[in-house]
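In: Attaching a predicted model along with its sequence, questions to come.
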Amino acid sequence: MNGAVVADHFDRLTWRDTYEQAAGIRELAVELTARHACAQDLLADVFLAAYKKRVRLRERTGTARSRLLNHAFVTALVESPQFVEARRETVGDPYAAAMALLAQGPALRGLLDREAAEERTDEASRREGRDVAETEPGEPTDPGAPGAPGAPGVRAAARAAAAKASRAVRQEASLMRAWGLGPGEPERLPYEERAGLAERLRTGRLAEWAELIGRFRQMAAGERARKVENTTGELVGVTLGDDLSRLVPSELAGLGVPALRAVFAARYAAGELMLYDSRGERPTGRGAVIACVDTSHSMYEAGPGGVTREVWAKACALALLDQAHAGGRDFVGILFSAADKVRVFRFPADRSAGLEATLEFAETFLGGGTSYQAPLGAARDLLEREFDDAARARGDIVLLTDDDCGVTEEWMRDWNAAKHRLGFRVFGVAVGAPRAAEADSVLAALCDNLRSVADFTDVHAAADLFRVI
């Protein structure tokens, strides 16, 4: 490999392995070689510029004329602020570096086409007897000449390429993070598996999910951050009292000053310490968090913004999965429709959710009508087993549906008895179904806390769930 980027043996091995695995790069190489004899070296340089932690370029002096264009392009590329931004995702990651390279394909085609056109113009001038500047290998080149680092065409092509690379790798990283893959996790996947996963997430039913899931998870993380340890309810301000578990930080800081300790003791005795004040909500549960998600035919209906009821409900459920695991609690997703259509997905707190299981939960759609008894009965049975096996009570059930359907009196009596015995709470979300959220609905009778969602692009409609679960 005779490139502009200084590369060691391991760099060259990484490039060769990636080249062999990435059909898109091989196809681009064949196409560009028809335009530029040193196209493969150019592609290797662009890849290594994205992949290497420290990029060092060879001296331009001594570079063969056939490779001056490569050197000029890579020089302009690594100096581009947008390429510097892209390298935050690509350094040390062959797959991301390959993505950055492929994203630059159109800019490279344009650059080589312009260079070929200029060479044809020069050749025509020679035939007509006009003077054309020649540059021998190793000689300095006119800064305005094609292939020179300062040539406007090269700089413009590098800027365009850097912008495309930055956008592509940021979108890919955002996509992976939205589905719960943290930094470093995708890099452990083989190239072909990762490419297949990315294609799966970008296309089909999952394509519309990533942005909404990302916003749901960000909102939920923000609500978790608002919680104050050892306080109940939603933080609403500061009050006076003697509850040491709710002291504001400034009061705690005063204890570190010997001269203020007597003052602290006097204020404590008088009940005049500054405390966090909260709205009185029941403390969060300790048993499993169970999301029962309606996947009947009507949930496939889209609302404002083109987001379907199903997508909103499942994005909320996946954020609840994060919420449960952040609190050391098991999570269970129950998908349901008609009485005989129920699927249960378990995500224990002591292990990673796993992307494959998460995607299967997200992609499964049962269709049919709606029945509450089957999914809620399955949720109750899970909480009963959890109580019997681990003595954990106070689980939380979240029912996300767009319908209101009846339950038998006998079932309701058993349900209320189980709630009393196990201490679980039931939160209801009427997704695009105002009637289900009315006070006389069956859903209202089943739930301790009920809200309605009309705008399926709004993640904050469920924000209070993440403050109390």
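Out: Great, that's in hand. Numbering: from 1, shown residues only.

In: Show me what secondary structure element comes after the helix or strand that A29 is a member of.
Out: Secondary-structure element containing A29, defined by DSSP states H and E: helix 23-33. The first helix or strand that comes after helix 23-33 along the chain, using DSSP H and E, is helix 39-51.

In: What helices and strands are in contact with that following helix?
Out: Contacts defined by 3 or more C-beta pairs under 8 Å, 6 or more residues apart in numbering; DSSP states H and E place helix 39-51 against helix 9-21, helix 23-33, helix 68-78, helix 81-90, helix 94-103, helix 105-127. The way it works is simple: take the backbone N, C-alpha and C, and place the C-beta from them, glycine included.

In: let's go with 7 Å and repeat that
Out: helix 9-21, helix 23-33, helix 68-78, helix 81-90, helix 94-103 (3 or more C-beta pairs under 7 Å, 6 or more residues apart in numbering; DSSP states H and E).

In: and the last one with helix 81-90, angle?
Out: Taking axes from the mean of the first three to the mean of the last three C-alpha atoms, to 10 degrees, helix 94-103 and helix 81-90 form an angle of 150 degrees between their directions.

In: Let me know the angle separating helix 94-103 from helix 39-51.
Out: 130 degrees.

In: middle-most residue in this protein, spatially?
Out: A178 (1.9 Å; C-alpha atoms, centre = their mean).

In: Distance of it relative to A463?
Out: A178 is 18 Å from A463, where distance means C-beta to C-beta, to the nearest Å.

In: Next: L320.
Out: 12 Å.

In: quick one: which of these two has more around it?
Out: L320 (25 against 15; other C-beta atoms under 10 Å).

In: Helix, strand, or coil at M274?
Out: strand (DSSP: H, G, I helix; E, B strand; the rest coil).

In: What's opposite it in the beta bridge?
Out: L240 (DSSP bridges).

In: ok, it to P258 distance?
Out: Noted for M274: a distance of 20 Å to P258, by C-beta to C-beta.

In: which of those two has more neighbours?
Out: Legend: neighbour count by other C-beta under 10 Å for M274 and P258, higher for M274 (17 against 7).

In: any idea how far D11 lies from E79?
Out: From D11 to E79 the distance is 20 Å (C-beta to C-beta).

In: Looking at the two, which is more packed in?
Out: More crowded of D11 and E79, by other C-beta under 10 Å: D11, with 18 against 14.

In: So for that one, what's the pLDDT?
Out: The model reports D11 with a pLDDT of 95.

In: I'd like the distance between it and Q104.
Out: From D11 over to Q104 the distance is 19 Å, taken as C-beta to C-beta.

In: Over to L69?
Out: For L69, the distance to Q104 (C-beta to C-beta) stands at 14 Å.

In: Of those two, give the one with the bigger neighbour count.
Out: Q104 (29 against 24).

In: Could you double-check that that one lies in contact with V46?
Out: Yes. The criterion here is C-beta atoms under 7 Å, and Q104 meets it with V46 at 6.2 Å.

In: for the stretch 301-450 of the chain, what spans make up the helices?
Out: Secondary structure of the stretch 301-450 of the chain, counting by DSSP state H, counting those that start in this stretch: helices at 309-326, 355-363, 373-390, 409-422, 442-446.

In: Dump the ones you listed into a markdown table; add distance to R170 as well.
Out: What follows is the helices of the stretch 301-450 of the chain, written out as a markdown table (distance: least, C-beta to C-beta, whole Å):
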| stretch | distance to R170 |
| --- | --- |
| helix 309-326 | 21 |
| helix 355-363 | 20 |
| helix 373-390 | 38 |
| helix 409-422 | 46 |
| helix 442-446 | 41 |
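
In: and the ones you listed, which is most packed in?
Out: Burial of the helices of the stretch 301-450 of the chain is given as mean neighbour count (mean count of other C-beta atoms under 10 Å); helix 309-326 ranks first at a mean of 24.

In: Give me the residues contacting it.
Out: The contact list for helix 309-326 (C-beta atoms under 7 Å, 6 or more residues apart in numbering) reads 208-209, 212-213, 216-217, 220, 224, 289, 291, 293-295, 299-301, 303, 330-331, 333, 347, 349, 353, 358, 362, 365, 398, 400, 402, 429, 431-432, 453, 456, 462, 466, 469.

In: which parts of the helix or strand encompassing A162 are buried?
Out: Using DSSP H and E, A162 sits within helix 152-178. The neighbour-count check on helix 152-178 (16 or more other C-beta atoms under 10 Å) flags 153-155, 157-166, 168-169, 172-173, 175-178 as buried.

In: residue contacts, P94?
Out: P94 touches 14, 18, 51, counting by C-beta under 7 Å, 6+ apart.

In: before we move on, back to that, buried among the contacts of helix 309-326? Need that as a selection in ChimeraX.
Out: Of the contacts of helix 309-326, the buried ones can be selected in ChimeraX as follows, counting by 16+ other C-beta under 10 Å:
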select :209,212,213,216,217,220,289,291,293,294,295,299,303,330,331,333,347,353,358,362,365,398,400,402,429,431,432,453,456,462,466,469
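
In: for stretch 195-208, which positions count as buried?
Out: For stretch 195-208, by 16+ other C-beta under 10 Å, it's 195, 197-198, 201, 206.

In: Next, the closest residue to R159 other than its chain neighbours: phi, psi?
Out: Once flanking residues are discounted, R159 sits nearest to S80: 5.8 Å by C-beta to C-beta, 6 or more residues apart in numbering. Here is the backbone geometry of S80 (degrees, to the nearest 10): phi -80, psi 130.

In: From what I see, S80 and A162 are in contact.
Out: Yes. S80 lies in contact with A162 (C-beta under 7 Å); the separation is 3.9 Å.

In: Need the nearest residue in space to T63, chain neighbours excluded.
Out: Distance criterion C-beta to C-beta, 6+ apart; nearest residue to T63, sequence neighbours excluded, is H71 at 5.3 Å.
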